[in-house]
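J.: Just to be clear, the model below is a prediction. Sequence and coordinates:
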Amino acid sequence: MITVENLRYSYGDEPVLDGISLTLDDEWAVLTGANGSGKTTLIRQFNGLLEPDSGAVRVDGTPVEDDPVAARTAVGMVFQSPRSQFVAATVEADVAFGPENLGLDHAEIDRRVDEALAAVNLDGRGEERIEALSGGEQARLAIAGALAMEPDHLVLDEPFNGLDWPAQRSVLGHLDDLAAEGVGIAVVTHDLRDLRLRADRVIGLSDGRIAFDLPPEEATERLPETDVRVPDGW
């Protein structure tokens, strides 16, 4: 469980998050809002990449600052710019990096790497250099790196940017499987297509505050408040 209590954060003198309180459990949540509404800043607090000015963030009851390693193990994160996440030269080595740092044995690491790469349609390409991948392939690789950690929560920031439909379908299918296994899924996105039947909640942010937190069918009329287009069929 990720618990956020009265969270405030500023960049210099510019407030970005203004008293946000939120709980995310083993559910599928969509966080949406206009650029600058605070979405990415909020999720970076979930595993200690940013530290709040005030308020608290807890993962499974433990303040993130007390055990950031445990928080980053429990909360897998995938960001908009995948290049910033890569730590190795080749596909397989990058996906293996996180499990290796958990001290897992070789057989378990190999299993996790194989399953994560298959989930994003990169199986069989472990020896390829990351720099040779297309932008979409690098986005898929970043997702695979998070999946290999087998986190309790998976948080994805605009994960479908640059993905063609087969890759999107593969990732969505794997997220469905994870959700069925009890993994909490949080997707930050402007594009809500293909998410209505999956999401338990749609959380709209505006000017650093939560504008609404509703089931998808009730969120439809509120989306324009956050400058998010209502998808066809919602």
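T.: Received it, and whenever you're ready, just let me know what you need. Numbers count the residues shown, from 1 in each chain.
J.: mind listing what the nearest residue to Glu131 once chain neighbours are set aside touches?
T.: In this structure, Glu131 finds its nearest non-sequential neighbour in Ala89, 7.7 Å apart by Cβ to Cβ, 6 or more residues apart in numbering. Bear in mind the C-beta positions are built from the backbone N, C-alpha and C, glycine included. Residues near Ala89 by Cβ atoms under 8 Å, 6 or more residues apart in numbering: Arg129, Ile130, Glu131.
J.: For the residues you listed, give me CSV that also has neighbour count, pLDDT and secondary structure.
T.: Formatted as CSV, the contacts of Ala89 follow (neighbours: other Cβ atoms under 10 Å; pLDDT from 0 to 100; DSSP: H, G, I helix; E, B strand; the rest coil):
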residue, neighbour count, pLDDT, secondary structure
Arg129, 11, 97, strand
Ile130, 19, 95, helix
Glu131, 10, 93, helix
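J.: Any idea how far the lowest-mean-pLDDT helix or strand in the chain is from the middle of the chain?
T.: The helix or strand of the chain with the lowest confidence, counting by mean pLDDT, DSSP states H and E, is helix 165-180 at a mean of 82. On the basis of Cα atoms, centre = their mean, to the nearest Å, helix 165-180 sits 13 Å off its chain's mean C-alpha point.
J.: How about stretch 205-225?
T.: Using Cα atoms, centre = their mean, the offset of stretch 205-225 from its chain centre is 19 Å.
J.: Can you give me the end-to-end span of that stretch?
T.: Taking Cα to Cα, to the nearest Å, the first and last residues of stretch 205-225 lie 9 Å apart.
J.: Which parts of that stretch count as buried, going by neighbours?
T.: Across stretch 205-225, burial judged by 16 or more other Cβ atoms under 10 Å covers 205-206, 208, 210-214, 216, 219-220, 222-223.
J.: What of stretch 62-71?
T.: For stretch 62-71, by 16+ other Cβ under 10 Å, it's Val64, Ala71.
J.: Kindly format the C-alpha coordinates of it as CSV.
T.: Provided in CSV are the C-alpha atoms of stretch 62-71 (Å, rounded to 0.1, in the frame of the first residue of the first chain):
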residue,chain,number,x,y,z
THR,A,62,7.0,2.4,6.4
PRO,A,63,8.1,6.0,5.7
VAL,A,64,10.0,6.0,2.4
GLU,A,65,12.9,8.0,3.9
ASP,A,66,13.4,5.3,6.6
ASP,A,67,14.0,2.5,4.0
PRO,A,68,14.3,3.8,0.5
VAL,A,69,15.7,0.5,-0.7
ALA,A,70,12.6,-1.3,0.4
ALA,A,71,10.4,1.4,-1.2
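J.: Need the residues that contact it.
T.: Counting by Cβ under 8 Å, 6+ apart, Gln45, Phe46, Asn47, Gly48, Glu51, Ala56, Val57, Arg58, Val59, Asp60 sit against stretch 62-71.
J.: Quick check: Arg193 vs Asp67, distance?
T.: As for Arg193, its distance to Asp67 is 37 Å (criterion: Cβ to Cβ, to the nearest Å).
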